[in-house]
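Enquirer: with the sequence up front, the predicted model follows.
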Amino acid sequence: MSLSINQSLQNILEKRKDQSSYRYLQVNKELIDFCSNDYLSFARCPLTRQNITAALAETTQFSGSTGSRSISGNTAQALELEKKLARFHHAEAALLFNSGYDANLGLFSCIAAKEDIFICDELIHASIIDGCRLSYAGRLRFAHNDPADLEKKLQHTRNRILSGQIFVAVESVYSMDGDIAPLKEISDLCKKYSANLIVDEAHATGVYGKQGRGLVFEQSLEAEVFARVHTFGKAIGCHGAVVVGSEALRNYLINFARSFIFTTALPPHSLLAIECVYDQLLSDGFDNTYLHQLINHFKKDFELKQDIYLIESSSPVQSLIIPGNERVRRVSAELQLRGFDVRAILTPSVPAGKERLRISLHMHNTLGEVDRLKYSLNEILFA
């Protein structure tokens with residue numbers, strides 16, 4: 001007699017527990033935040049809250065979305081925000097999505113035909129992998145941040161598909177390692193082999209470039225990149241995402257991106273929140289210098305031990321490799337007992353042997369908190 005579906009699921013979950021890879025949901029409200037993606041502290045900023053509340057009080061929009069953008073959910077508010085986002089990110093057009101995951105899923109699942117191919121960095125985000133899997137196109141991987149390996153893949157692919165489209169997908173700042181893609185070299189290779197470059201700027205938005213426009217802007221590569229994805233759930237402190245690119249790309253996504261077509265639109269409150277934060281980015285008072293000072297302070301004189309090491313990163317994401325699910329979990333648990341909200345990232349989310357503490361730095365962290373975190377790490381690791 002076969003097992004019931006619930007018993008079968010429970011057996012799989014028990015196996016995960018045995019492997020120390022079982023995920024729990026937890027809330028640690030009283031701990032010092034070193035794990036969220038709220039790099040610029042907008043999600044907890046009183047001024048941001050005041051601006052959103054005031055804007056919401058003045059709006060005459062419905063409180064809800066009412067439907068998908070293609071039926072009843074489209075508004076003048078959404079269209080104006082898209083124009084504003086396009087101008088801010090120096091693009092011809094922009095299209096809002098309900099999350100970064102939805103944006104990548106919609107873009108990658110529809111943009112390529114059967115005769116086309118994706119070439120993705122091997123550490124690309126799961127949402128891009130899932131989007132590529134839903135596409136009819138083929139997919140290759142190149143070694144992480146390795147232009148030489150990318151060129152090999154481009155040469156092979158261009159020789160094999162003379163008329164098809166090639167799409168190269170990278171993150172400007174990688175979500176788990178925190179390191180930065182060599183965008184200029186990758187862009188030059190895409191131009192050399194007539195490939196279309198797509199850059200996920202999720203963890204660069206707000207952190208790099210003038211007024212937080214991202215790394216593509218910082219390196220003056222806007223005209224060389226086919227599509228950029230900017231998400232609002234990280235440094236922007238809101239929810240949603242936008243794909244920026246050409247007007248043709250925007251219209252194509254409206255017609256073919258299923259995660260845009262078949263979902264309820266973002267509500268007016270979300271649109272107002274995004275607009276209010278972008279207004280803060282555009283204001284004279286915006287300055288993220290302290291965040292970068294904090295990053296440098298964290299990395300200074302960082303003590304290491306045997307197989308424990310810090311991945312080189314100039315971003316707010318600092319990954320301390322501590323191999324072994326159980327081992328890194330113990331360190332994370334000890335830090336939480338000492339008042340620091342630091343989470344362990346386990347296999348299979350990262351490759352075996354690359355388990356880590358993913359430490360996020362924010363404008364709301366103090367130098368003293370960073371010092372105490374480093375001191376606690378040293379005590380735990382060198383005990």
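Expert: That came through, no problem. Numbers count the residues shown, from 1 in each chain.

Enquirer: phi, psi for Arg343 please.
Expert: Phi and psi for Arg343, reported as degrees, to the nearest 10, are phi -110, psi 150.

Enquirer: domain-wise, how is this structure divided?
Expert: The chain breaks down by automatic domain parsing into domains covering 21-40+288-381, 61-282.

Enquirer: for those domains, which one sits closest to Thr48?
Expert: Thr48 sits nearest to domain 61-282 of all the domains of the chain, at 6.2 Å, using C-beta to C-beta. Every residue, glycine included, has its C-beta placed from N, CA and C.

Enquirer: quick check: mean pLDDT of the closest one?
Expert: Averaging pLDDT along domain 61-282 gives 97.

Enquirer: stretch 14-31 too?
Expert: Stretch 14-31 shows an average pLDDT of 88 in the prediction.

Enquirer: how far away from the center of its chain is it?
Expert: 22 Å (C-alpha atoms, centre = their mean, to the nearest Å).

Enquirer: so which bits of that stretch are buried?
Expert: Of the residues in stretch 14-31, Ser20, Ser21, Leu31 count as buried by neighbour count, 16 or more other C-beta atoms under 10 Å.

Enquirer: need the distance between the two termini of that stretch.
Expert: Length of stretch 14-31, first residue to last, C-alpha to C-alpha, to the nearest Å: 29 Å.

Enquirer: which helices and strands sit right next to the host helix or strand of Lys153?
Expert: According to DSSP states H and E, Lys153 maps onto helix 147-160. Helix 147-160 is packed against strand 117-121, strand 138-142, strand 166-171, helix 183-192, with contacts defined by 3 or more C-beta pairs under 8 Å, 6 or more residues apart in numbering; DSSP states H and E.

Enquirer: relative to Leu346, which of the ones you listed is closest?
Expert: Closest approach to Leu346 among these (C-beta to C-beta): strand 166-171, 20.6 Å.

Enquirer: how about a markdown table for the domains of the chain, with distance to Ile5 added?
Expert: Compiled in a markdown table, the domains of the chain are given as follows (distance: least, C-beta to C-beta, whole Å):
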| stretch | distance to Ile5 |
| --- | --- |
| domain 21-40+288-381 | 19 |
| domain 61-282 | 24 |
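
Enquirer: buried residues of stretch 42-54, list them for me.
Expert: Phe42, Ala43, Cys45, Thr48, Asn51, Ile52.

Enquirer: closest to Tyr208 out of these?
Expert: Distances from Tyr208 to the buried residues of stretch 42-54, taken by C-beta to C-beta, are shortest for Phe42, at 15.9 Å.

Enquirer: secondary structure element for the residue lying closest to the closest one once chain neighbours are set aside?
Expert: Distances taken as C-beta to C-beta, 6 or more residues apart in numbering put Gly237 closest to Phe42, at 3.0 Å, once the chain neighbours are dropped. Assigned by DSSP H and E, Gly237 belongs to no helix or strand.

Enquirer: now do the contacts for Gly237.
Expert: Counting by C-beta atoms under 8 Å, 6 or more residues apart in numbering, Gly237 touches Asp38, Leu40, Ser41, Phe42, Ala43, Arg44, Cys45, Thr48, Val277.

Enquirer: same check, this time on Tyr290
Expert: Contacts of Tyr290 (C-beta under 8 Å, 6+ apart): Met363.

Enquirer: how close does it sit to Asn296?
Expert: 11 Å (C-beta to C-beta, to the nearest Å).

Enquirer: try Ala57
Expert: From Ala57 to Asn296 the distance is 41 Å (C-beta to C-beta).

Enquirer: likewise Leu381?
Expert: Computed as C-beta to C-beta, the Leu381 to Asn296 distance reads 21 Å.

Enquirer: just want to know which of these two has more residues nearby.
Expert: Leu381 (16 against 9; other C-beta atoms under 10 Å).
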